[in-house]
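>>> How does the following fold in three dimensions:
(2 chains)
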Amino acid sequence: MSDPKEESRWGKNAREIQARAAAWIEERESDEWPATRQAEFDAWIAKSPAHLVAFLRAETVWKHADRLQALSSPGPMKPNTRSSTRKTPLLKIAAAFAVVSLAGGGAFALLQAPKAQTYSTTIGGRETLTLDDGSQIELNTNTSVRVAYDSGRRDVWLDKGEAYFNIVHNPSRPFNVMLGDRRVTDLGTKFFIRRDRDRIQVALVEGRARFDASLRPTPAQQTVLTPGNVVTATAQSISLRREPNQSLSNQLGWRRGMLVFDHATLADVADEYNRYNRTKIVIADAHARYLTISGTLPATDLGAFTRLATKFFNLRIQQRDSEIVVSH
Amino acid sequence: MTETPESGRQGGNQAYGAGMAASEVNAWFVREVLPLEAALRRYLRTGWRNDSDVSDMCQDIFVRTLEAAQTEIPRAARPFVFSIARNLLLDRLHRNQIVSIDAVADIEAFGLASDEPLPDRSLSARQDWKRLQSVLNQLPERWRDAVVMRKIEGLSRKEIAQRMGLAERTVALHLASGIAALTDFFNNDAAEPKGAP
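Here you go, the predicted structure:
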């Protein structure tokens, strides 16, 4: 995912440059420092600002370490202990062999993929799936998942909606949730995922899970989530933040059939209600959209919303066909 | 750090790198920018959870800072460095990598954008010595022994080789590794020893 130009310019070689800078510092202090070496050193420094940075950084710390000397209490020393005449042990050079995974792995998995079973809820519906390994998936309103279990792996596709996962962890049979080209892998977990048309939100409640920004992720596209972590992904970006427990449990109010709001605008409240009800709330007044409320409301009881709007905010409600229109 | 006595047999304030005022830029960089590293790493770690990348990002930020300074030295180092850091995180966010939004959004709240001195910039000599000692103690044994003989006892490569019963070439490697590791540990609160020989 990273820019190849940047990769070759700085990339993975910070450590290498640093090692070279340290070697120069050591050598410059040694007895043999001919002019030709100085010229090579100058050329190395001139070659890249990264070299200069690495050199200045190491040199600064190395000079600073002189303070060890200033404050140490040197006892009587015998600098030249010539008794040791052991032979130099040869530096052992370990050959590193890269482990190459078989490129055909993906295709194999496709061929072997078991038939997926589809489970859905309608608008306002709620369903708990208990799978044969004891894991549970609670489906919120208007949600669709496909589940494919075999002896080696457990794959679930959350195609739309929202679900709460309480997974029995089994490292030899990984549990993955596929979200288009994103993926969540259980590492011993309770988490919930909401998938709207253009946005995915993954929140970790307990344990750990890994979020992959791609189905073939680079290390930079993977992150391990800890409790309170919330990942929000759109087609353009992925962000990670931490939310307090209270906020996560508010968002899980739907498991009890409730919507919990904390300083939510009326527009947000309407959007939430509209996920759970076929009759849609339309807020026709711009000012009314920004009124804020906190509280707990039953998700499928539109009467609770209209009472709130009329009694609490003095708004007008008109019911037409399958719409509730809110205005001043 | 500027009052540090000069070390070794080489003279101190040389100008490395190109440019008319290279030594001035380098001195500014050493004095104003390098001490920000620990705070910069803390900041990057809140925003970027792949630890192995933090060193590369840090270097990238330092290089950009130095390059900018070679044109014109920024008036205030800290806000300059941290705005580069934030832009780097934003850049990664837009490249579809996983970035913590808190770090991007809260740079002011972190207090990093201001130019007040960081608390850890004013260590007493005693604290400083203790810190150096603890950093030294983190080094693998061979590297540490070589560093102590060079730095504290002032021995040459040859003398160290005789004491340790090693070839000079090996001593040079131990010393260089020790210098590199010392640099990392000193600048990084959370670094762990890696790659012992």
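>>> Which residue ranges of the chain form helices?
Because you didn't say which chain, this covers chain A. Secondary structure of chain A, counting by DSSP state H: helices at A:4-9, A:14-29, A:35-47, A:49-64, A:66-71, A:105-112, A:245-251, A:266-276, A:286-289, A:302-307.
>>> Wait, chain B was what I had in mind.
Under the criterion DSSP H, chain B contains helices at B:22-28, B:37-47, B:51-71, B:77-94, B:101-105, B:125-137, B:141-151, B:157-164, B:168-187.
>>> coming back round to it: out of the helices of chain A, deepest packed?
Each of the helices of chain A was scored by mean neighbour count; the highest is helix A:49-64, a mean of 24, by mean count of other CB atoms under 10 Å in any protein chain shown. All C-beta atoms are positioned from the backbone trio N, CA, C, and that covers glycine.
>>> Tell me what angle that one forms with helix B:168-187.
90 degrees (axes from the mean of the first three to the mean of the last three CA atoms, to 10 degrees).
>>> can you list the helices of chain B in TSV and add distance to residue A:14?
Putting the helices of chain B into TSV (distance: least, CB to CB, whole Å) gives the following:
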stretch	distance to residue A:14
helix B:22-28	19
helix B:37-47	13
helix B:51-71	4
helix B:77-94	14
helix B:101-105	20
helix B:125-137	19
helix B:141-151	19
helix B:157-164	26
helix B:168-187	10
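>>> Pick the most deeply packed of those helices.
Scoring those by mean neighbour count under mean count of other CB under 10 Å gives helix B:168-187 as the most buried, with a mean of 23.
>>> Run through the neighbouring helices and strands of that one.
Identification of packing neighbours for helix B:168-187 by 3 or more CB pairs under 8 Å, 6 or more residues apart in numbering or on different chains; DSSP states H and E yields helix A:14-29, helix A:49-64, helix B:37-47, helix B:125-137, helix B:141-151, helix B:157-164.
>>> repeat that with 10 Å
On a contact count with 3 or more CB pairs under 10 Å, 6 or more residues apart in numbering or on different chains; DSSP states H and E, helix B:168-187 meets helix A:14-29, helix A:49-64, helix B:37-47, helix B:51-71, helix B:125-137, helix B:141-151, helix B:157-164.
>>> can you tell me which of the ones you listed comes nearest to residue A:297?
Distance to residue A:297, taken as CB to CB, is lowest for helix B:37-47 among the helices and strands packed on helix B:168-187, at 35.5 Å.
>>> The closest one and chain A in contact?
Yes: counting by CB under 10 Å from any CB of the partner chain, chain A has neighbours in helix B:37-47: B:37, B:46, B:47.
>>> Which member of those residues is positioned nearest residue A:221?
Nearest member of the residues of helix B:37-47 next to chain A to residue A:221, counting by CB to CB, is residue B:47, at 15.4 Å.
>>> Looks like that closest one contacts residue B:91 (just checking).
No: the criterion here is CB atoms under 10 Å, and residue B:47 misses it with residue B:91 at 11.6 Å.
>>> domain parsing for chain A?
Using automatic domain parsing, the domain parsing of chain A gives A:4-63, A:114-247, A:257-327.
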